[in-house]
Each structure stands twice: as structure tokens, then as C-alpha cells.
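S.K.: the following comprises the amino acid sequence and a computationally predicted model.
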Amino acid sequence: MEGMMMIPLKDIAPAAQNNINTQFIVLDKGRVTFEGPQKTCLALVADNTAAVHFQLWGDECEAFEPGDIVRLVNGIFSYQRNNLVLRAGKRGKVQKAGEFTMAFVETPNMSEIRWVPDPNNSKKYVQEAVLSPHSRIFPPML
């Protein structure tokens with residue numbers, strides 16, 4: 001874990017490969033849904049630069065609660081049934097790193113941005129438009 005580059009959430013972009021190392025606080029958690037043998041659960045997570053929807057799988061659904069600070073290693077940011085979510089993927093891992101002591105912002109939400117292929121580099125995506133300044137799944141906490 002040491003010496004690893006942690007990237008702020010505002011710098012993540014959709015990509016096919018797993019390589020996102022970051023840390024965030026869980027703000028809110030949706031209900032657990034079952035897909036085949038695997039249960040999943042969506043969470044709203046954030047750091048001091050941006051927020052994003054984070055997909056929890058299986059035991060992760062119970063392991064993390066709002067207020068937990070979570071470290072993600074080798075994460076992936078990609079589309080899951082039309083929703084752009086950050087998740088650990090098959091090679092990544094998530095672990096609790098603490099709780100309650102982290103500054104965060106709820107906007108921009110990286111999952112609420114429309115991304116399009118970069119005209120100059122087909123392997124990259126660029127932000128085209130902000131669909132919503134806040135999460136439309138988890139309304140802002142006022």
C-alpha cells in the first residue's frame with residue numbers, strides 16, 4: 001500500500017482497466033439488490049474534490065456503513081447497466097481505513113457526468129456534459 005499514488009475522485013475517468021487507487025468516505029447507502037447469485041448495493045461516496053456512486057458486491061454490502069472511510073485499490077470506473085459506477089472489480093479490493101474524519105463535497109458527482117470518447121484518443125473518455133450537479137439517486141443532504 002505504501003508509496004501508492006492515491007488519486008482524487010475529481011480525476012477519475014471511465015476506462016476499461018483497473019487501476020484506480022483512491023480513498024473516500026461513505027455518505028449514504030442504497031438498498032441491497034440481488035443479481036443472480038451476487039447481491040449488490042449502491043453507495044454515495046465522496047472525498048474533498050468530488051462524489052461518485054460506488055458499487056458494493058456481496059459481503060461488501062454489509063461491511064461498509066455511512067461514515068466509514070474506505071480505501072480502494074485497483075478500482076475500476078465504468079458502466080454497469082447504464083450507470084457509471086466506481087467499483088473494486090475482480091482484481092481490486094476495498095478496505096476500511098477509518099471513520100468520520102474526512103472532508104468531502106457532494107458536487108460534482110462523477111457518476112452524473114456524460115462522458116464521450118476523446119476524438120484524439122479512442123482509449124480515453126472526456127467529460128461532455130454534467131447531467132446533474134448532485135446525485136440523482138441520493139438527493140443532497142441539507
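M.R.: Right, received. Where do you want to start? Numbers count the residues shown, from 1 in each chain.
S.K.: show me the strands in the chain, by range?
M.R.: Along the chain, counting by DSSP state E, strands occupy 20-29, 33-35, 38-46, 51-57, 68-80, 83-87, 93-99, 113-118, 121-130.
S.K.: pLDDT on the shortest one, on average?
M.R.: The reference is to strand 33-35. Averaged across strand 33-35, pLDDT comes to 76.
S.K.: please name every helix or strand in contact with that strand.
M.R.: strand 38-46 (3 or more Cβ pairs under 8 Å, 6 or more residues apart in numbering; DSSP states H and E). In this view, the C-beta of every residue, glycine as well, is placed from N, C-alpha and C.
S.K.: now do the strand it packs on against strand 51-57, angle only.
M.R.: In terms of direction (axes from the mean of the first three to the mean of the last three Cα atoms, to 10 degrees), strand 38-46 departs from strand 51-57 by 160 degrees.
S.K.: strand 38-46 pairs with which strands?
M.R.: Strand 38-46 pairs in its sheet with strand 20-29 (antiparallel), strand 33-35 (antiparallel), strand 51-57 (antiparallel), by DSSP bridges.
S.K.: out of those, which gets nearest to Thr107?
M.R.: Closest to Thr107 of the strands paired with strand 38-46, according to Cβ to Cβ: strand 51-57, at 6.8 Å.
S.K.: for the helix or strand bottoming out on mean pLDDT in the chain, which positions count as buried?
M.R.: One helix or strand of the chain scores below all others by mean pLDDT, DSSP states H and E: strand 33-35, with a mean of 76. Using 16 or more other Cβ atoms under 10 Å as the test for burial, strand 33-35 gives no buried residues.
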